[in-house]
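Peer 1: only geometry, no sequence info:
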């Protein structure tokens, strides 16, 4: 993986690399506009304390055939790659060092749309997964807390065109969230690229 000088974030028990401006402003603008139009946005149902609720954001699970994903006890079958994402995919693979086969797209329409505390530790991701998170649109605060000691926290601002790479033991040791904010903020589109272990890959591994 080729990174600019000192992109690593010092967080014990985690491997985090933040690349601000990974996409230039004009390219990030064009990608944001294209994906808002090309993506089949849905309101996913999530289970919280045994009850189902509409998730506070719009989402779309995208990927290769067979890259299904279970989240909040719901299995999502991938939708085909939009043209704009298919073109970007090789560059994400090069930056992360992983051949990604899926991406979760989340659209946060305002500061009231959010993501609660969680780790990307589903079995389909395997041990020590690499997650490549590309942010487009409004800058939002991204928070971490230690899974076993919630007094240990960390936060960063993720701006337009930034790429955050989370790997190693990050998901085993830390949870992350995108909290609501009362301040005015432009819509934000987040793309978290992943390598799902499909049934075929598990058979041949």
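Peer 2: It's in. Owing to the predicted nature of the structure, the values given are computational and were not obtained by experimental measurement.
Peer 1: per-residue confidence for the nearest residue to residue 23 once chain neighbours are set aside?
Peer 2: In space, and not counting its chain neighbours, residue 23 is closest to residue 161: 3.8 Å by CB to CB, 6 or more residues apart in numbering. (C-beta placed from N, C-alpha, C; glycine too.) Per-residue pLDDT puts residue 161 at 98.
Peer 1: and residue 161, which of the three is it?
Peer 2: Three-state assignment for residue 161 (DSSP: H, G, I helix; E, B strand; the rest coil): coil.
Peer 1: what is the neighbour count of it?
Peer 2: 22 (other CB atoms under 10 Å).
Peer 1: contact partners for it?
Peer 2: Applying CB atoms under 8 Å, 6 or more residues apart in numbering, we find residue 161 in contact with 20-25, 27-28, 134-136.
Peer 1: I'd like the distance between it and residue 97.
Peer 2: 20 Å (CB to CB, to the nearest Å).
Peer 1: low-confidence ranges in the protein?
Peer 2: 1-6, 46-50, 72, 199-205 (pLDDT under 70).
Peer 1: switch to 50 and redo it
Peer 2: 1, 201-205 (pLDDT under 50).
Peer 1: closest to the centroid, which residue in it?
Peer 2: By CA atoms, centre = their mean, the chain has its centre lying nearest to residue 192, at 2.5 Å.
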